[in-house]
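Peer 1: The sequence and its predicted three-dimensional model are supplied below.
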Protein chains: 2
Amino acid sequence: MISSVSPEPLPAGEPRWLDAEEQKAWRAWLYSAQLLQDRLDRDLTHRTGISHAYYEILVALSETPERMMRMSELADRCLSSRSRLSHAVSRLEERGWVRRQVCADDGRGQLAVLTEEGFAALEGAAPIHVEAVRRELFDQLSPEQVENMRDFGETLLRHLDPDRSR
Amino acid sequence: MISSVSPEPLPAGEPRWLDAEEQKAWRAWLYSAQLLQDRLDRDLTHRTGISHAYYEILVALSETPERMMRMSELADRCLSSRSRLSHAVSRLEERGWVRRQVCADDGRGQLAVLTEEGFAALEGAAPIHVEAVRRELFDQLSPEQVENMRDFGETLLRHLDPDRSR
DNA sequence: GCGGAATAGTTCAACGCTCAACTACGCTAC
DNA sequence: GTAGCGTAGTTGAGCGTTGAACTATTCCGC
C-alpha cells in the first residue's frame, strides 16, 4: 500500500514558513531528486525499452528464491498501489516476462512469476542501469556524501514507512 | 527542456556493480525520495485540489514581478517538458487561475499570466504545503542533516543541470 | 528582402496512473 | 452451514504525461 495521508486539521496560527536557507536546501534537493530520477528513467527506457517502474518489478521478483511473489507483497516492495501493480503486471505478461499463477494456500491470492524471458531481459538491462546510477550519482559524490545520502534516506524512511525499517 | 539523454555507447567490460553498502545507500535514498514526494503530492492534492506539479507552476508565476512568464522559461523552471506545460496551463486556464497572452516582443511566444483567482488559490494552498514539508521533512532532520541535504542537492544539480547552478 | 534553418508553442495518439467500484475468496461466530 | 465482514486482486473511466508531428514566427546569410 502506498503512503496514505490522514487529512488531520492543520495547526492554527501562522504557518511555520521556510526561511531563505531552508528554501534553498529544499529546492536544491527537490530539483536534483526529480532530475536524477527523470534522467535514470529516461536513460533506461530509451536504451532498453524498460521503464524504471517495470525494472523495479523485475528486480524484486528476481531476488526471491523462486522468482515469484504475491501481488500485494510485490506492490509494497515497489512502492506501488495494488491497482498500479496489477496493470503493470498485465503489461509485463503481454511481453512474456511475467506470468500470473494462483496461490496454492490462498485462493484469493495471485503469484507473479518471473519467466526465463523476463530474467533474460533483466540481465540485459541491469548493467546499463547500474552504469547510469554510477555515472549520474556515485561518480558525482564523495564517500562522505554517499554516507550522508544513506543517512538521509534511512532517517526519512523511519518516519515515512516505519514498517519497512525492520 | 527536460533532461536529455544521449545514448552513448556503454563502456565495454564488466559493469561497475554496486557493492552491498552502495546498494543500501541507493535504495534507502530512492525509497525515501519516492515516498516523500508521493506523500507531499497526495497531501496537497487531497487538501487543496492542487497537485504539486500545478502548485509549482503557480509558485513560479507568483515569484516574478509581473506574475507572468514565457511558456518555455516556465517549463524550464518547473522541470517540465513544453508539451506537459502546455497541457497543464490549459487546465489551469479552465480553472481561471492562469491566462495566456501573446508576447509583445516575439510573435511566436506566449506569456502565462497568473490571475487574481490563481494567486488567491496559491495563497490558500501555500500554508498547507509548507506545513507538510515541515512535518514530513524538516521536523525529521537535524540541522546537520539539512545541511547535508542541501549539499547533496547542489552537488548533483551541478552535474545534472549545470545551467541552473548559476 | 528572400530562402532556409532554428525557435516557440500546440496538438494528437498511445500509454501510465489514480480512485472507486467490483468480484471472489477466506475467516469468524452463531 | 451460512451471514457478515475483511482481504486479495482486477477493472474501467478519467486525467496526466510522453514523444512526435505540426503550425507559426523569427533569425541569419546572401
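Peer 2: Great, that's in hand. Treat the numbers as computed from the prediction; the structure is a model and nothing was measured.
Peer 1: what's the neighbour count on residue A:154?
Peer 2: 17 (other CB atoms under 10 Å in any protein chain shown). All C-beta atoms are positioned from the backbone trio N, CA, C, and that covers glycine.
Peer 1: I meant residue A:106, not that one.
Peer 2: Residue A:106: 10 neighbours (other CB under 10 Å).
Peer 1: Would you confirm that it belongs to a strand?
Peer 2: No: Residue A:106 sits outside any strand when classified using DSSP: H, G, I helix; E, B strand; the rest coil, being coil.
Peer 1: mind checking pLDDT for it?
Peer 2: In this model, residue A:106 is scored at 93, pLDDT.
Peer 1: Show the contacting residues for the residue nearest the centre of chain A.
Peer 2: Nearest to the geometric centre of chain A sits residue A:78, at 4.8 Å (CA atoms, centre = their mean). With contact set as CB atoms under 8 Å, 6 or more residues apart in numbering or on different chains, residue A:78 has these partners: A:53, A:56-57, A:60, A:85.
Peer 1: Do you know the pLDDT at it?
Peer 2: 97.
Peer 1: could you measure it against residue B:155, distance?
Peer 2: Taking CB to CB, to the nearest Å as the measure, residue A:78 falls 28 Å from residue B:155.
Peer 1: again, but for residue A:111
Peer 2: Counting by CB to CB, the gap from residue A:111 to residue B:155 is 42 Å.
Peer 1: which of these two has more neighbours?
Peer 2: Neighbour totals were compared for residue A:111 and residue B:155, and residue A:111 leads with 20 against 17 (other CB under 10 Å).
Peer 1: Checking the more buried one next. Helix, strand or coil?
Peer 2: strand.
Peer 1: burial count for the residue lying closest to residue A:146 once chain neighbours are set aside?
Peer 2: Spatial nearest neighbour of residue A:146, chain neighbours left out: residue B:25 (5.5 Å); criterion: CB to CB, 6 or more residues apart in numbering or on different chains. By other CB under 10 Å, the residues close to residue B:25 number 24.
Peer 1: Kindly tell me how buried residue A:46 is, as a neighbour count.
Peer 2: 11.
Peer 1: Tell me the secondary structure at it.
Peer 2: helix.
Peer 1: How much space separates it from residue A:57?
Peer 2: For residue A:46, the distance to residue A:57 (CB to CB) stands at 19 Å.
Peer 1: all strands of chain A, in order?
Peer 2: Using DSSP state E, the strands of chain A run over A:68-70, A:98-102, A:110-114.
Peer 1: Distance-wise, check residue A:142 relative to DNA strand D.
Peer 2: 30 Å (CB to the nearest atom of the strand, to the nearest Å).
Peer 1: phi, psi of that residue?
Peer 2: phi -80, psi 160 (degrees, to the nearest 10).
Peer 1: residues near it, how many?
Peer 2: 10.
Peer 1: Local confidence estimate at it?
Peer 2: 97.
Peer 1: Then residue A:166?
Peer 2: 55.
Peer 1: For stretch A:146-163, buried residues please.
Peer 2: Neighbour-count burial for stretch A:146-163 flags A:146, A:148-157, A:159-161 (criterion: 16 or more other CB atoms under 10 Å in any protein chain shown).
Peer 1: Dump the residues you listed into TSV; add pLDDT as well.
Peer 2: Shown next, in TSV, are the buried residues of stretch A:146-163 (pLDDT from 0 to 100):
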residue	pLDDT
A:146	98
A:148	98
A:149	98
A:150	98
A:151	98
A:152	98
A:153	97
A:154	97
A:155	97
A:156	97
A:157	96
A:159	96
A:160	95
A:161	92
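Peer 1: Now narrow those to whatever sits close to DNA strand D.
Peer 2: Among the buried residues of stretch A:146-163, proximity to DNA strand D is found for none (CB under 7 Å from any atom of the strand).
Peer 1: Of those residues, just say which sits nearest to residue A:36.
Peer 2: Closest approach between these and residue A:36, by CB to CB: residue A:149, at 11.0 Å.
Peer 1: what sits against that closest one?
Peer 2: A:141, B:25, B:28-29, B:152.
Peer 1: Spatially nearest residue to it, not counting backbone neighbours?
Peer 2: residue B:29 (5.0 Å).
Peer 1: count of neighbours near that neighbour?
Peer 2: So residue B:29, with other CB under 10 Å, has 24 neighbours.
Peer 1: what number of residues lie near residue A:61?
Peer 2: 27.
Peer 1: quick one, what contacts the closest residue to it other than its chain neighbours?
Peer 2: Distances taken as CB to CB, 6+ apart place residue A:114 nearest to residue A:61, at 4.0 Å, with adjacent residues excluded. Residues near residue A:114 by CB under 8 Å, 6+ apart: A:58, A:61-62, A:67-68, A:97-98, A:122.
Peer 1: now do residue A:129
Peer 2: A:40, A:43-44, A:48, A:55.
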